[in-house]
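**Student:** Sequence plus predicted model, see below.
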Amino acid sequence: MVPDASAEMALPAKLAHVNNGRTLFALHEWRYGMFLADYHTHSTFSPDGRDGFPAMLEAARGTGLTELCVTDHRDILSGRPFLTQERYDAFLTERAMNKTDVKLLLGIELGEATHDLTEAEEAVSAVPYDFIIGSYHALKGERDFYHLKCETEDELHQALARYFAELPELIAWGKFDVLGHLNYPLRYTALPVKTLLPRYGDELRNVFRLLRDAGKGIELNMSGQKKLPFKEILALWRECGGEIVTVGSDGHRAADVGRGVAEGFELLRDVGFRFVAAYEQRRVRFEGI
Ligand SMILES: [Zn+2]
Ligand SMILES: [Zn+2]
């Protein structure tokens, strides 16, 4: 599509404030409807990932992705294995050998950075990542919510209260690009929670104000039955002036690469977003959706 000179005029004014006032739109990248990217996937360099880069790239091509960002886990203080230099070398090799037209990007899903900032600093500076998801899978001194199922309402609300109280420290540290699967405590509870706004509207607005002012974004995580955050929360992010959103499958197998991403883009359009964020060397740009 030939870019129309009015296209840039139509961009939200606030986007110009991202990246120190530099608008990163390049007109030659103006491709409405052609961009489809999965910004949350795991390879065999995650302890729970099943497939390597070649299989993931093939799967990405099969699902029509234009970009694939691999975001292997590094959970702070977990003691779980990670292979930073080996992963980076493998990434460079696979990228050089990539026969698909899918752009391969290297990210990391950094879990619980504030549980040990020294380890977190080392993790983010180990290799030149394109993109960093800041996730919060566990409260301080606790195990991953995967283990704490929050089976009663009391347990869930205590967990959420602590979660919202601990997030501002992560945002203040800020060495990430988007906050991963916001409201993660909901992922594993069997309680039928349909809305968070009546009870946690103030906490969410506070988190969003901090993120927006820091030039950070959120991700829409399409894994499993519960897409996080809920649609009402995406709408609140937009209402609070939030503009940066990435979409990810959180796939841990090649077969899951790209799963739900087109649906996620549709959900963002429904809420009123006209752009999705993409990253390279930690710099954001926006693609029309
Ligand atoms: Zn995660
Ligand atoms: Zn993940």
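**Tutor:** Looks like it arrived, so ask away. Ligands and ions are numbered 1, 2, ... in the order given.

**Student:** rest of the way, CA atoms for contacts and neighbours
**Tutor:** Fine.

**Student:** all helices for the protein, in order.
**Tutor:** Per DSSP state H, the chain carries helices over the ranges 6-9, 53-62, 84-97, 117-125, 153-173, 197-213, 231-239, 261-271.

**Student:** then the second one to PDB, C-alphas only?
**Tutor:** C-alpha atoms of helix 53-62 as PDB (Å, rounded to 0.1, in the frame of the first residue of the first chain):
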ATOM      1  CA  PHE A  53      13.900 -21.700  16.800                       C
ATOM      2  CA  PRO A  54      13.600 -23.600  13.400                       C
ATOM      3  CA  ALA A  55      10.400 -25.300  14.300                       C
ATOM      4  CA  MET A  56       9.000 -22.100  15.800                       C
ATOM      5  CA  LEU A  57       9.800 -20.100  12.700                       C
ATOM      6  CA  GLU A  58       8.200 -22.700  10.500                       C
ATOM      7  CA  ALA A  59       5.100 -22.600  12.700                       C
ATOM      8  CA  ALA A  60       5.100 -18.800  12.600                       C
ATOM      9  CA  ARG A  61       5.200 -18.900   8.800                       C
ATOM     10  CA  GLY A  62       2.300 -21.400   8.800                       C
END
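
**Student:** got the contact list for it?
**Tutor:** 43, 66-68, 91, 94, 98, 100-102, 104, 253-255, 257-258 (CA atoms under 8 Å, 6 or more residues apart in numbering).

**Student:** Mind listing what's buried along that helix?
**Tutor:** 53, 54, 55, 56, 57, 58, 59, 60, 61 (16 or more other CA atoms under 10 Å).

**Student:** ditto for the fifth one
**Tutor:** Within helix 153-173, the residues that qualify as buried are 156, 159, 160, 163, 164, 167, 168, 170, 171, counting by 16+ other CA under 10 Å.

**Student:** Show the contacting residues for the one residue sitting closest to the centre of the chain.
**Tutor:** Centroid check for the chain by CA atoms, centre = their mean gives residue 219 as the closest residue, at 3.8 Å. Applying CA under 8 Å, 6+ apart, we find residue 219 in contact with 178, 179, 180, 181, 182, 245, 246, 247, 248.

**Student:** at 10 Å instead, please
**Tutor:** Contact analysis of residue 219 by CA atoms under 10 Å, 6 or more residues apart in numbering lists 39-40, 133-134, 177-182, 228-229, 234, 244-248, 276-277.
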